[in-house]
Each structure stands twice: as structure tokens, then as C-alpha cells.
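**Q** Give the three-dimensional model of this entry:
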Amino acid sequence: MNVENNKKEDGLKLAWSQVRQRLEVIYEGGGKKSIEKQRERNKLTARERINYLCDKLKPFVEIGAFAGYEMYPEQGGCPAGGTVSGVGYISGRQCVIIANDQTVKAGAWFPITGKKNLRMQEIAMENNLPVIYLVDSAGVYLPMQDEIFPDKDHFGRIFRNNAKMSAMGITQIAAVMGPCVAGGAYLPIMSDETLMVEGNGSIYLAGPYLVKAAIGEDIDSETLGGAFTHTAISGIADYKFETEQACLDHIKKIISKLGKAPNAGFDKIEALAPAKAANEIYSILAESNAKPYNMVEIIECITDANSFDQFKEDYGKTILCGYARIDGWAVGIVANQRLIVKNKKGEMQLGGVIYNDSADKAARFVMNCNQKKIPLVFLQDVTGFMVGSRSEHSGIIKDGAKMVNAVANSVVPKITIIIGNSYGAGNYAMCGKAYDPRFIYAWPTAKIAVMGGEQAAKTLLQIQVASLKAKGKTITPEEEAKILHDITQRYNSQTSTYYAAARLWIDAIIDPGETRMLIAEGIAAANHNPDIQLFKTGILQV
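**A** Now for the predicted structure:
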């Protein structure tokens, strides 16, 4: 058993090590030469700015580090989507921080940059968190302007959200540390307060070259829209500073004076350490998540000791439901059970599959948590709903719809952790991205797709071979094997956690050992928003 556990531990740690290696490259932004250019102008990098700004003994939870990963090879890449963003503490207050990375294409906005910034504003609005913008951007990446400029969820939505957040009473502070050009100039002006760094910060609708071309005026950047111009002449900015450090220090002062807002009132008591040590979590999953395991053991690694009380323990066993505490916070847990279990009739049920009774139990538990105002935590390792005539005749679609309905209409915060598989409608029922989790994270072992790679590849193979035969072509076994191999390779690349993280289907790929901390930080953020609506569901067939 120890040998088997060691193999599991090594496999998961290796997977996380591979994530870390990729992250180290991403953390270099546009590369060492670009970073040196920042230094020459007495500018910090985006990550250095955030590190200086945030409280040292509190966690900074980065969101979207893999945004844009391997998505723009022809453009030279866009590490972290050209921004560094996350939730951290400033003067003891949880805040959303969005920092342009000037080393990546001069901080220009790619399509994924807009999506990432909108996600950060969504987090701020859902959780009523102050927002700090560290602005240093050349504006829209013009070669891809059609994919970033005009649509509902494109660049302009940022400023719409500025206005909406202002009306919601959410504090927004903008520190202009570099260029802030064209439409992007509205962002700091639509914030509550604007700070500028002398010599580097600038705000204007059109830069010196465009001004010359448009109206023939010769003017330098500092005179056109520098810190002195906007604090002494236009009145657009509120403060100017000689250094970035002085600017960031003033942000700390502003945040330290914010009034205390009412919270949601989620229950929290003194935390207890989990029954299992955090490092035990690595020895539970087999490499590639190929073998069944007991989800209860993972729950024991992330919940306070002896706090997990199962709901309907002997019914619907392929989903575990129960009340628990995580770092003292009361939570409701909905988790897929990967063990092969027996149902109430003594029949064997596959682990990771949602059956009628499992869906029925989970739907009721989600409604209970909403009734009691308890945040929900979903631990996904699901291959989908059970198929076949027996399940169809028993109404699996009806029971699945009940669960999806309850999750969709849930008003308490939902936090989703994708541990392994996240396939088909199981992704929806277990609160995938489309169902508005406040935060959604994935382990390196996660896979997100309509169905598993092997099943999908065989299905696609049948379609492709049938099409070729219909055209009169003869397919040899060797050719069929090659087609299957190519389809499987392509499909599997699209199910990987990196593919999902690049497109922001998840907020981050996380170290499994930090799962407990990230859930606790997510609930702490959610607790800042007291505006919880009355829970209602639509049609629930019984």
C-alpha cells in the first residue's frame, strides 16, 4: 500500500511541478529584455507592483495566470493575457487588483486580455470588493481589433462596468504608471480617484503622433497628458508622485480609510486543522486519475477535523453531500464519489457517474444550503449522467434537470474545484463555469470536455470512416488506427487543464495542497457582499 501511495504522490507532485515550470516562464512576461527596459525607466514590473502593494503575511490569489497560454503563436504569444490580476489584501482589506504588464506588447489588449479584465470586474461586483487598476497600456492590439473592440463582452464593457460598479458603491482606484491611451483613458477617469507617476504616467485620447497627423500640432507626451498636466491644468487626476513606490504607498493609505461595510453573515468559528495533513492529498489520486479513490479522504484533507456530516449517506452514493467547515467557515459540500458503490437495492454503480438517486439527493441538498444561507463547495470528478434504457426509462433527464435547476438558481456563493474529470452535463450539474461559481479552480489532473477522450475519439472515428466509405474509399486497419490516433491526440489536447485555463474556463490551475486555503479565501471574499436574494427555483418535476 505504501508503494502504491508513493506512486500516486509522485504522480500528482510531478503534474504540479510541470505546472510550476510553465508558470515560471509566464512570470517572465515579455522576457528579460523587456523587463530591463522597464528598469531603465525606473519602472517596476506588474508583479513587482502587486508584491509591493499587497500585505506580506496574507495570500495573493492570482487569477488567470495561464490566460492566453499557447493561443497566439503568430503574434509571439501573450503571457498571462498581458495583465497580472488577482485577489489580495491591501491594508488588511481584500481587494481585486488588475495590473497591465507593459513588457507584453507594451501592455496592449488582446481578446483574452479583455476577457480576463471582465472576469476580474465580475469578481469585484459579485463579492463587493474594491478594485485597484495599475495602468500601463498602449491600448487595443490593433491587428486583432475586430476581436476586442465592438462586441458586448469586448473592450468597451470595461468602462460600462466602471460605471455600474460606481453606482454599486464599489471603490475603484486607478494608478497610472505608464501610457493610458485612446478609449483606455476612460478607465482611470471613471474610477473614484486617479493617481499618476511623474515622467511615466500619461493619459490622452490621442498621442503626440496622432495629434500631429490629425491637427498638425507638435507636442510632447508629458505636456499633452502627463501627471502635471492632469493634476494642475485639466484636473483629471487627483494626485501625482515622483516614484511608483510613493504612488503605491498612497493607495495603501486610501484603502486603510475605507469604511466597514455590512457582510453576508456566513457562519465562521475558530478553525481546526484537518484530520488529514494537507500533504496527504497527493497520495489519494492515481497518476492520470486512472483508478477509483475515496472522495471522503480528499474531503478530510480540506475540511476542519470531524466537521463533515454526510447528508443522506446511504442514498445516492455516487454523489457525496454534507455540511462541513473549512478554516472555520460553514460550507455545504457536493462531491462526486469515484468508488464503485452499491445503491439502496444492492446494485453496483460506477463511480463518477450521476445516477437518478444521486441527482435527486444533490438537488435537495443544494436547496437546503440556500435555505440555510450556507455557501456551496463543488468537488468535481464526474464522467456525466448514467445512460442506457434503464436510466432513460427511470427519468434520468428529469432528475438531472432538477439538479441543474437547483444549481442554476442557487443564490449562495458557489466555489468549484475540478479535481479530475468534468464531462458533459456533469460539468453543468456540478457547477461548471456556465453556472456562475464565484471562483472555479482546477487541479493539474483536471480534464474538461463533452465526453472522455477515448469515447469521443471512437465516436468521431466511426463518423469519419463512414464518410470515407460513402465516398467509395477503402480503409485498411492500419489507416483506421492512424485516424484514431490523430483524433485522440487532437481531442486530448483540448481536454487538458492548460487548454481550459488559457481560455479562462477556470480561474487558475492550483496546487492541490492549497485547495483548503483557496476555498476559505473565496468564502471570505463572498462574505463582503450582503446582497443575497431570496432562493427560488423554476419547474421541478417530481
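
**Q** Report the helix or strand with the lowest average pLDDT across the chain.
**A** For the chain, using mean pLDDT, DSSP states H and E, the weakest element among its helices and strands is helix 453-470, scoring a mean of 76.

**Q** just checking, what packs against it?
**A** Using 3 or more Cβ pairs under 8 Å, 6 or more residues apart in numbering; DSSP states H and E, the elements in contact with helix 453-470 are helix 477-495. (Each C-beta comes from the backbone N, C-alpha and C, glycine too.)

**Q** In terms of secondary structure, what does the helix it packs on contact?
**A** The helices and strands touching helix 477-495, judged by 3+ Cβ pairs under 8 Å, 6+ apart, are strand 447-449, helix 453-470.

**Q** That helix vs helix 453-470, what angle?
**A** 130 degrees (axes from the mean of the first three to the mean of the last three Cα atoms, to 10 degrees).

**Q** right, and the helix or strand after helix 477-495?
**A** The first helix or strand that comes after helix 477-495 along the chain, using DSSP states H and E, is helix 497-502.

**Q** What helices and strands are in contact with that next one?
**A** Under the contact definition 3+ Cβ pairs under 8 Å, 6+ apart, helix 497-502 sits against strand 439-442, strand 447-449, strand 508-509.

**Q** tell me the mean pLDDT over it?
**A** On average, the pLDDT along helix 497-502 is 96.

**Q** C-alpha coordinates for it, PDB please?
**A** Extracted C-alpha coordinates of helix 497-502, given in PDB (Å, rounded to 0.1, in the frame of the first residue of the first chain):
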ATOM      1  CA  THR A 497      -6.400  21.800 -17.800                       C
ATOM      2  CA  TYR A 498      -3.900  24.100 -19.700                       C
ATOM      3  CA  TYR A 499      -6.300  24.400 -22.600                       C
ATOM      4  CA  ALA A 500      -9.100  25.300 -20.200                       C
ATOM      5  CA  ALA A 501      -7.000  27.800 -18.200                       C
ATOM      6  CA  ALA A 502      -5.800  29.500 -21.300                       C
END
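
**Q** can you list contacts of that helix?
**A** 22, 64-71, 112, 418, 442-448, 493, 506, 508-509 (Cβ atoms under 8 Å, 6 or more residues apart in numbering).

**Q** filter those to the buried ones?
**A** Among those, those classed as buried by 16 or more other Cβ atoms under 10 Å are 22, 64-69, 71, 112, 418, 442-448, 506, 508-509.

**Q** still on that earlier bit, which of the residues in the least confident helix or strand of the chain are buried?
**A** Within helix 453-470, the residues that qualify as buried are 453, 456-457, 460-461, 464-465, counting by 16+ other Cβ under 10 Å.

**Q** now it: how far from the chain's centre is it?
**A** On the basis of Cα atoms, centre = their mean, to the nearest Å, helix 453-470 sits 34 Å off its chain's mean C-alpha point.

**Q** hmm, who's touching it?
**A** Residues contacting helix 453-470 (Cβ under 8 Å, 6+ apart): 447, 449-451, 475, 480, 483-484, 487-488, 491-492, 495.

**Q** so which of those residues comes closest to K345?
**A** The closest of these to K345 turns out to be M451 (Cβ to Cβ; 27.4 Å).

**Q** Give me the phi and psi for the residue lying closest to D267 once chain neighbours are set aside.
**A** Closest residue to D267 apart from its sequence neighbours, by Cβ to Cβ, 6 or more residues apart in numbering: A330 at 4.1 Å. Per-residue torsions, A330: phi -70, psi 130 (degrees, to the nearest 10).

**Q** rewinding a little: quickly check the contacts of helix 453-470 for the two that are furthest apart.
**A** Greatest spatial distance in the contacts of helix 453-470: K447 and I475, 28.9 Å, computed using Cβ to Cβ.

**Q** Hmm, Y323 and T303 touching each other?
**A** No - if you go by Cβ atoms under 8 Å, T303 and Y323 don't touch, sitting 9.9 Å apart.

**Q** quick one: which of the two has more around it?
**A** More crowded of T303 and Y323, by other Cβ atoms under 10 Å: T303, with 25 against 19.

**Q** where does the residue sitting furthest away from the middle of the chain land on pLDDT?
**A** With Cα atoms, centre = their mean as the measure, the chain has its most outlying C-alpha, relative to the mean C-alpha position, at G472: 48.0 Å. At G472, the model reports a pLDDT of 83.

**Q** Can you mark which positions in the longest helix belonging to the chain are buried?
**A** Determined from DSSP state H, the single longest helix within the chain is helix 2-26. For helix 2-26, the neighbour count (16+ other Cβ under 10 Å) marks 8-9, 11-13, 15-16, 19, 22-23, 26 as buried.

**Q** now do stretch 432-444
**A** Buried, per 16+ other Cβ under 10 Å, within stretch 432-444: 432-433, 435-444.

**Q** Low-confidence ranges, the stretch 101-250 of the chain, go.
**A** By pLDDT under 70, the stretch 101-250 of the chain has no low-scoring segment.

**Q** Can you show me the helices along it?
**A** 111-127, 157-168, 186-189, 208-215, 221-225, 227-228, 244-256 (DSSP state H, counting those that start in this stretch).

**Q** What helices and strands are in contact with the second one?
**A** Packing contacts for helix 157-168, counted by 3+ Cβ pairs under 8 Å, 6+ apart, involve helix 111-127, strand 172-181, helix 186-189.

**Q** want to try TSV for these, with distance to R516 as columns?
**A** As requested, the helices and strands packed on helix 157-168 are exported to TSV (distance: least, Cβ to Cβ, whole Å):
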stretch	distance to R516
helix 111-127	19
strand 172-181	31
helix 186-189	35
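
**Q** and G68, that one's in a strand?
**A** No - with DSSP: H, G, I helix; E, B strand; the rest coil as the criterion, G68 is located in coil rather than a strand.

**Q** and it, backbone torsions?
**A** phi 80, psi 0.

**Q** about what we covered before: nearest to A261, out of the helices and strands packed on helix 157-168?
**A** Once these are compared by Cβ to Cβ, helix 111-127 is nearest, at 11.2 Å.

**Q** in that closest one, what counts as buried?
**A** 111-121, 123-127.

**Q** since we're on the nearest residue to G178 once chain neighbours are set aside, how many residues are nearby?
**A** Spatial nearest neighbour of G178, excluding adjacent residues (Cβ to Cβ, 6+ apart): D136 at 3.2 Å. As a burial measure, D136 scores 29 neighbours (other Cβ under 10 Å).
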